[in-house]
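S.K.: Pasted the sequence and its predicted model underneath.
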Amino acid sequence: MKRAFPSTALQVLALAALAAAAALLSNAVAPSNRRLAWTGAGFPSAASPAPPVRPTSTEPPVAQPAPRETIPLPSPTRPSRAKRSESRRLPDPPAAAAPQAGPIREISGQEAWDAFQASWPFLDARRSAEFAEGHIPGAWSTPVWEADLDDRLIFFKAARRPGPEDPIVIYCSGGDCRDSHLLAARLMREGYGHLLIFRDGFPAWVAQGHPVDKGRP
Amino acid sequence: MRRWLLHPRVTLAARLTLGLVFLLAALPKIADPPGFAKTIWAYDLVPAWGLNLLALGLPWLECFAGLALVLGFWVRAATLWVGVLLLAFTLALAFNLARRHPVDCGCFGQAAPKTEAARLTDMRWSLLRDVGLLLLVIQVLAAGRRPERPSS
């Protein structure tokens, strides 16, 4: 059998080199929402999202659980808002209600709505394209998987100046979406201690008929 | 039987099929590396430092290997790459299926969100498809090994 030039082994290597060169080039010219940092993102593993998340039930009671229909009305949410802004200054929630306190906690749609009314900052962890299609009004686009996450977080911090105990609400698309957990884990490492994950995320927000904004931030 | 299996037309069909499948699989991933990184992360097999390297490089490797197979240059090397990649995909899917860790295949880019049961079903089909493609790889490699290569 006549040996082709270059030899098969060389061809194998050449294909890999071609791929590496193309990847380098395409990543260099890609827009920020399509780019990746070459070094790993440093996320915890998918099977075990590391930080302990307090379940919703440990939340100190939020006024009366208002029925879904009355959610858009301001009256039932106002007292709870007052109560929450009080409680957030306390270093620890009541020990009976929260046996293991953690900086990250999952919240329900009602609590997210209360937080929205209280104009707490919302971070949208989904892809920037999804954000452009629709997001919670006033939310900051902080897509965990895109290369400019650092810049976007710096921008958010510069604008809102959140202290380590100030509440930050994080959401993605609900269901088994882990993006908001990844973002929360990252912010926790940066020293933020009051991170609220809106568990059911944007689909639930839309389903409950809450306001939605479109377009880029 | 053996002659039929290694017939040049069968080899040509296998080569083109493999090449087109890999090209089609590569394009959506090349267009969206962050989405592919997320997919790989969900498999929970790659260490964090290797995640982005793989998400950036792998689609281009698929693309060039597919291109070589479709255009018919460096066929043996490209087939070897395709074989290695398919083997890795098959093992990754099989491992996650065995531990019942549902993942999106991500083979052809991002998919719509699914339930876990639907994911596990899809993983079985993807596994079957990968095994089928591996058989094509074996055919192309076996046909290329024959010393007397009929020209057609």
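M.R.: Received it, and whenever you're ready, just let me know what you need.

S.K.: Is any residue of stretch A:201-217 near chain B?
M.R.: No. Residues of stretch A:201-217 are not located near chain B by Cβ under 8 Å from any Cβ of the partner chain, the shortest gap being 9.3 Å. For every residue, glycine as well, the C-beta is placed using N, CA and C.

S.K.: So which bits of that stretch are buried?
M.R.: Going by neighbour count (16 or more other Cβ atoms under 10 Å in any protein chain shown), the buried part of stretch A:201-217 is A:201-202, A:204-205, A:210, A:217.

S.K.: outside of that stretch, which residues touch it?
M.R.: A:68, A:71-72, A:109, A:112-113, A:116, A:124, A:126, A:128, A:130-141, A:171-175, A:177, A:180, A:198 (Cβ atoms under 8 Å, 6 or more residues apart in numbering or on different chains).

S.K.: Just the buried residues out of the residues you listed, in PyMOL syntax.
M.R.: Here is the PyMOL command that selects the buried residues among the contacts of stretch A:201-217 (16+ other Cβ under 10 Å):
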select buried, chain A and resi 71+109+112+113+116+124+126+128+130+131+135+136+139+140+141+171+172+173+174+177+180+198
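
S.K.: Give me the average confidence score over the helix or strand harbouring B:Phe36.
M.R.: Taking DSSP states H and E as the definition, one finds B:Phe36 inside helix B:33-43. Average pLDDT, helix B:33-43: 92.

S.K.: related to what we said a few turns ago, also near chain B: which of the contacts of stretch A:201-217, exactly?
M.R.: Among those, chain B is touched by A:173, A:175, A:177 when using Cβ under 8 Å from any Cβ.

S.K.: three-state assignment of the second one?
M.R.: Which is A:Gly175. coil (DSSP: H, G, I helix; E, B strand; the rest coil).

S.K.: need the contact list for the closest residue to it other than its chain neighbours.
M.R.: Leaving aside its sequence neighbours, A:Gly175 sits nearest to B:Pro113 (Cβ to Cβ, 6 or more residues apart in numbering or on different chains; 6.0 Å). By Cβ under 8 Å, 6+ apart, B:Pro113 lies in contact with A:173, A:175-177.

S.K.: go on, A:Tyr192?
M.R.: If you count contacts by Cβ under 8 Å, 6+ apart, then A:Tyr192 has A:103, A:162, A:164, A:166, A:168 around it.

S.K.: Find me the pLDDT at B:Pro113, would you?
M.R.: At B:Pro113, pLDDT is 76.

S.K.: What separation is there between it and A:Pro203?
M.R.: In this view, B:Pro113 and A:Pro203 are 9 Å apart by Cβ to Cβ, to the nearest Å.

S.K.: ok, now B:Ala142?
M.R.: Noted for B:Ala142: a distance of 50 Å to A:Pro203, by Cβ to Cβ.

S.K.: same thing with A:Phe156?
M.R.: Taking Cβ to Cβ, one finds A:Phe156 at 23 Å from A:Pro203.

S.K.: quick one: average confidence on stretch A:167-183?
M.R.: 91.

S.K.: now the end-to-end length of that stretch.
M.R.: Terminal residues of stretch A:167-183 lie 14 Å apart, using Cα to Cα, to the nearest Å.

S.K.: what does the least confident helix or strand in chain B by mean pLDDT contact?
M.R.: Within chain B, no helix or strand scores below helix B:2-5, which has a mean of 82 by mean pLDDT, DSSP states H and E. Outside helix B:2-5, the residues within contact range by Cβ under 8 Å, 6+ apart are B:10, B:139.

S.K.: cool, stretch B:124-142 as well?
M.R.: Under Cβ under 8 Å, 6+ apart, the answer for stretch B:124-142 is B:5-6, B:10-11, B:14-15, B:17-18, B:21, B:75-76, B:79-80, B:82-83, B:86-87, B:89-90, B:93-94, B:97, B:105, B:107.

S.K.: Using TSV, lay out the ones next to chain B among the contacts of stretch A:201-217 together with distance to A:Ala16.
M.R.: Formatted as TSV, these follow (distance: Cβ to Cβ, whole Å):
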residue	distance to A:Ala16
A:Ser173	36
A:Gly175	37
A:Cys177	34
